[in-house]
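Q: Show me how the following folds:
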Amino acid sequence: MESYNSFAEYYDVLMEDAQYASRCEYILKTATRFNHSMGRTLDLACGTGSLTLELWKRGVDVFGADGSVEMLSEAVAKCSQTGADILFVRQDMQALEPSMPIDTCVCTLDSLNHLTDEVDVQSTFDGVARNLRDGGLFIFDVNTVYKHRVVLADNVFVAESDRVFCVWQNFPRENDIVDISLDFFEERNGVYHRSGEDFSERAYSEQMLRSMLEKAGFEVLSVCGDLCFDPPAEDEQRVIFTARKREIYK
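A: Purely as a prediction, here's the structure:
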């Protein structure tokens, strides 16, 4: 996984529309919908810890894991400022090590799309299953094939805030992989400083993800459109999976 040196610095500025509070409420409603108590919860690929913090504010016993030291540094600083006592650990999602048993795992905002090899996705699902108690829930979202082929495609996007100007370029290739190049421009004392980040994302079909989840010992409970409980629309850009670890899993 990439380290995201520059991306970590600007991540929160560029993700202001990520709806963390709404995502947190959706996760809690999903747990209620399936008669599940959140219990000990892992926010996998937690990034700068915004969702982790929202879960903590609502009384969830949560900790975060991410493969990027830079992202985790931002998360620790953010939570320290609010007085939140949250554990963050450096852990690549595709190489999860058994730790304390968890009741729930969440993984949001297309984190799994950053795994461009099916083997790594399967390893991630296997690792989550090993750490989950029987009957535990795994709630995650992914960008869709539609988004990669039609929305991202070979398009260029621009994001701007008071702090930074970002140019987002997409370069599609085989297997619904998009190579992404981000260029950041920040003004400091009248001089623009440029930095950049390059990474790739891959979209997986619903059937591929279902197959890998079942292989890892999960029962897929629902596949919904983003932040709703309706089936995904044909032009859905993000879908949310909820899966339960089977009690017979070994």
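Q: So what are the structural domains in this protein, by residue number?
A: 5-144+205-245, 147-201 (automatic domain parsing).
Q: Quick check: which of these is buried the most?
A: Compared across the domains of the chain, domain 5-144+205-245 shows the largest average neighbour count, a mean of 18 (mean count of other Cβ atoms under 10 Å). From N, CA and C alone the C-beta is placed, and that goes for glycine too.
Q: And it, how far out from the chain middle?
A: Between the centre of domain 5-144+205-245 and the centre of its host chain there is 5 Å, according to Cα atoms, centre = their mean, to the nearest Å.
Q: What of stretch 142-161?
A: 16 Å.
Q: repeat for stretch 162-172
A: The chain centroid and the centroid of stretch 162-172 are separated by 19 Å, computed with Cα atoms, centre = their mean.
Q: Residues contacting that stretch from elsewhere in the structure, which ones?
A: With Cβ atoms under 8 Å, 6 or more residues apart in numbering as the test, stretch 162-172 has contacts from 10, 13-14, 148-149, 152-160, 178-186.
Q: same thing with stretch 175-190?
A: For stretch 175-190, contacts defined as Cβ under 8 Å, 6+ apart pick out 6-7, 10, 116, 145, 148-149, 152-153, 163-173, 192-204.
Q: can we see that at 6 Å?
A: 6, 10, 116, 145, 148, 152, 164-172, 192-203 (Cβ atoms under 6 Å, 6 or more residues apart in numbering).
Q: export it as CSV, just CAs?
A: Extracted in CSV, the C-alpha atoms of stretch 175-190 (Å, rounded to 0.1, in the frame of the first residue of the first chain):
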residue,chain,number,x,y,z
ASN,A,175,-9.5,-4.9,-15.1
ASP,A,176,-11.3,-1.7,-14.3
ILE,A,177,-8.1,-0.3,-12.7
VAL,A,178,-7.7,3.5,-12.7
ASP,A,179,-4.3,5.0,-12.1
ILE,A,180,-4.8,8.3,-10.2
SER,A,181,-2.4,11.2,-10.1
LEU,A,182,-3.0,14.1,-7.7
ASP,A,183,-1.1,17.4,-7.9
PHE,A,184,-1.4,19.7,-4.9
PHE,A,185,-0.7,23.5,-5.1
GLU,A,186,-0.4,25.4,-1.8
GLU,A,187,0.4,29.1,-1.5
ARG,A,188,2.9,30.0,1.2
ASN,A,189,4.0,33.6,1.5
GLY,A,190,3.1,34.4,-2.1
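Q: Mean confidence (pLDDT) on that stretch, please.
A: Across stretch 175-190, pLDDT averages out at 90.
Q: repeat for stretch 39-52
A: 96.
Q: ends of it, how far apart?
A: Terminal residues of stretch 39-52 are spaced 14 Å apart (Cα to Cα, to the nearest Å).
Q: and if you look at stretch 158-173?
A: Stretch 158-173 end-to-end distance (Cα to Cα) = 21 Å.
Q: starting at the chain centroid, how far to it?
A: 19 Å.
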